[in-house]
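Engineer: give me the fold of what follows.
(chains A and B)
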Amino acid sequence: GAGVSQSPSNKVTEKGKDVELRCDPISGHTALYWYRQSLGQGLEFLIYFQGNSAPDKSGLPSDRFSAERTGGSVSTLTIQRTQQEDSAVYLCASSFTGLSNQPQHFGDGTRLSIL
Amino acid sequence: AQTVTQSQPEMSVQEAETVTLSCTYDTSESDYYLFWYKQPPSRQMILVIRQEAYKQQNATENRFSVNFQKAAKSFSLKISDSQLGDAAMYFCAYRSGTSGTYKYIFGTGTRLKVLA
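Structural biologist: Down below sits the predicted model:
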């Protein structure tokens, strides 16, 4: 597609359930980032992918969070045993390479609400 | 560790007027990049302007310009001739230029209101 696509746009689930969020980056972009944006806060870096590997996972808040990327394209962020504090907008971004001078292109995000 | 601070939670500007959004950062690095992103209510983050730390000249993109003061670690965004479509959250971001570093650090944002 022309831009970064994220699905679902909104997700409501009960505490304790697992959720899977999807990101489809711009075709040809090798770098992919996941961020979390809590209400009234800036973006919190979660994880970076270069191709299928994740050289920087330093932002994942706990072992309930994991992410994978297959085929150097689509990525999924999985949150197990969700808790209310996981409620946030999860944003995905991609860039042509992971070099610092490459701009990120963002998706519209997934708004996750944990009841 | 690097930090980015946006001390203005909210700003207002009259249409056609000029407004400046503040951003300061803290780093011990000499090679880095700074960014301003705009996030309208649609949620999608859009890159407004980018500055390389090694460049002394301030970046400019049409009505948007920055005042980059490296010694003071300040990176403000000036919006000239403000338009209603400029209303959004604006985020300042930092990224290290060190090889092998991929993390972007964002400030908490400034909400800009444009008054007709």
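Engineer: does the spatially most central residue of chain B belong to a helix or a strand, and which?
Structural biologist: Centroid-nearest residue in chain B: residue B:36, 3.1 Å away (criterion: CA atoms, centre = their mean). Assigned by DSSP states H and E, residue B:36 belongs to strand B:32-39.
Engineer: packing partners for that strand?
Structural biologist: Strand B:32-39 sits against strand B:46-52, strand B:64-69, strand B:74-79, strand B:88-96, with contacts defined as 3 or more CB pairs under 8 Å, 6 or more residues apart in numbering or on different chains; DSSP states H and E. For glycine as for every other residue, the C-beta is placed from the backbone atoms N, C-alpha and C.
Engineer: switch to 10 Å and redo it
Structural biologist: The contact analysis (3 or more CB pairs under 10 Å, 6 or more residues apart in numbering or on different chains; DSSP states H and E) places strand B:32-39 against strand A:88-95, strand B:46-52, strand B:64-69, strand B:74-79, strand B:88-96, strand B:104-106, strand B:110-115.
Engineer: so where's chain A uncertain?
Structural biologist: A:1 (pLDDT under 70).
Engineer: please name the nearest non-neighbouring residue to the spatially most central residue of it.
Structural biologist: In chain A, the residue lying closest to the centroid (CA atoms, centre = their mean) is residue A:34, at 3.2 Å. What sits nearest to residue A:34 in space, not counting adjacent residues and going by CB to CB, 6 or more residues apart in numbering or on different chains, is residue A:46, at 4.2 Å.
Engineer: give me the number of residues near that neighbour?
Structural biologist: If you count neighbours by other CB atoms under 10 Å in any protein chain shown, residue A:46 ends up with 22.
Engineer: could you double-check that it lies in contact with residue A:33?
Structural biologist: Yes: between residue A:46 and residue A:33 there is a contact under CB atoms under 10 Å: 7.8 Å.
Engineer: so what's in contact with those two at the same time?
Structural biologist: Shared contacts of residue A:46 and residue A:33 (CB atoms under 10 Å, 6 or more residues apart in numbering or on different chains): A:56, A:59, A:91, A:92, B:103.
Engineer: if we ignore the residues flanking it in sequence, what's nearest the last one?
Structural biologist: If I follow you right, that is residue B:103. Here the residue nearest residue B:103, using CB to CB, 6+ apart, is residue A:45, at 4.9 Å.
Engineer: go on, the first one?
Structural biologist: Counting by CB to CB, 6+ apart, residue A:48 is the residue found nearest to residue A:56 once chain neighbours are left out, at 4.2 Å.
Engineer: hmm, that neighbour is touching residue A:97, no?
Structural biologist: No: look at residue A:48 against residue A:97 with CB under 10 Å: they stay out of range, at 11.9 Å.
Engineer: of those two, who's got more company?
Structural biologist: Between residue A:48 and residue A:97, counted using other CB under 10 Å, the more crowded position is residue A:48 (23 against 11).
Engineer: next, the angle from the strand or helix carrying that one to strand B:32-39.
Structural biologist: In this assignment (DSSP H and E), residue A:48 forms part of strand A:43-50. Counting by axes from the mean of the first three to the mean of the last three CA atoms, to 10 degrees, strand A:43-50 lies at 120 degrees to strand B:32-39.
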